[in-house]
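>>> how would this look folded up:
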Amino acid sequence: MEEIRRRARSAEAKQERRHALLTAATELGLAHGVREVTLTAVTSHIGLHPSALRRYFESREELLLELAEHGWGQWCAGLLDALAEASPRTAREVAQAVAASLERLPLFCDLLTHVVLSLEGAVRLDRARRYKTAATEAYDEMTDALVATEAGLDPDGARTVLTVAMSAAAYLYQLSRPSPTLRQLYEQEPRWAHDALRFREQLAGILQTVVSGAQHTRSTPPGAWPGVDR
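Numbers count the residues shown, from 1 in each chain. Okay, the predicted model is just below:
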């Protein structure tokens, strides 16, 4: 802790300080949710004055966007590993692999909501460009990996699966972390809790439907209506 408190002067010390700030934000985000991650909370977590953070990140939004950028790399690596291990062929198997890869990244699922709402638009153009570049590279790599499976997805279908996956994961994650008021309500109305707290099950179910539709679309000849002989 004393090493962290001292002013970082060497390049190595500055990198360690930057890593410590990102680690603190990660720990706070996992414990309390991204919305509770403030500059004061992050710096206090490692014994620094809030002004110290601005030597490494211009704002809270830039700090959180950095975590989201890391999250894209983690999701890509995790999904590629899952696809390689499972060798999915069916819609259900693909859906389970994608859902599992996101379930392992709760902070990233939380951040996906905030990236769209506030983080991307609150940083400088070059920082937003860097985030978009990293996210797009991961997205394209995952698209290729889904197409390469034996599940019958073309690039458009794979992109649809990934887009629905990230959108649904962001929404379902928020549902799965209810406030104290909602927890009390769910104790009184268990049927609502059953819907709200099944993150992976619900995400996999949604994705199975999407993958099935994408498979069906690929197998339908151009100009033909699905399910209709011509």
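>>> phi, psi for Gly33 please.
The phi and psi torsions at Gly33 (degrees, to the nearest 10) take the values phi 100, psi 150.
>>> mind listing what it touches?
By Cβ atoms under 8 Å, 6 or more residues apart in numbering, the contact list for Gly33 reads 110, 177. Where you see a C-beta, it was placed from the backbone N, CA and C, and this is true even at glycine.
>>> what's the pLDDT at it?
Looking at Gly33, its pLDDT reads 95.
>>> quick one: it from His216, how far?
From Gly33 over to His216 the distance is 38 Å, taken as Cβ to Cβ, to the nearest Å.
>>> kindly report the same for Gly47.
57 Å.
>>> give the contact list for Ser101.
75, 78-79, 82.
>>> just the element for Met142, please.
helix 125-148 (DSSP states H and E).
>>> now for whatever helix or strand comes next after that helix, which elements pack on it?
Moving toward the C-terminus from helix 125-148, the next helix or strand (DSSP H and E) is helix 155-175. If contacts are counted by 3 or more Cβ pairs under 8 Å, 6 or more residues apart in numbering; DSSP states H and E, helix 155-175 sits against helix 91-103, helix 106-114, helix 125-148, helix 199-219.
>>> and those, which one's lowest on average pLDDT?
helix 199-219 (a mean of 90).
>>> residues of it that come out buried?
Neighbour-count burial for helix 199-219 flags 199-200, 202-204, 206-208, 210-212, 214-215 (criterion: 16 or more other Cβ atoms under 10 Å).
>>> go on, stretch 75-83?
So for stretch 75-83, counting by 16+ other Cβ under 10 Å, buried means 75-76, 78-80, 82-83.
>>> then stretch 183-202?
186, 193, 196-197, 199-200, 202.
>>> for Arg18, find the nearest of the helices and strands packed on helix 155-175.
helix 125-148 (14.4 Å; Cβ to Cβ).
>>> and for the closest one, what's in contact with it?
So helix 125-148 is contacted by 58, 62, 65, 68-69, 72-73, 75-76, 79-80, 83, 94, 115, 120-121, 123, 153-155, 157-159, 161-162 (Cβ under 8 Å, 6+ apart).
>>> now whichever helix in the chain runs longest, how far from the centre of its chain.
Ranked by residue count, the top helix of the chain under DSSP state H comes out as helix 60-86. Distance of helix 60-86 from the chain centroid (Cα atoms, centre = their mean, to the nearest Å) equals 7 Å.
>>> now Lys190: how far from Ser179?
I think there's a mix-up here, since residue 190 is Pro and not Lys. From Pro190 over to Ser179 (counting by Cβ to Cβ), the distance is 17 Å.
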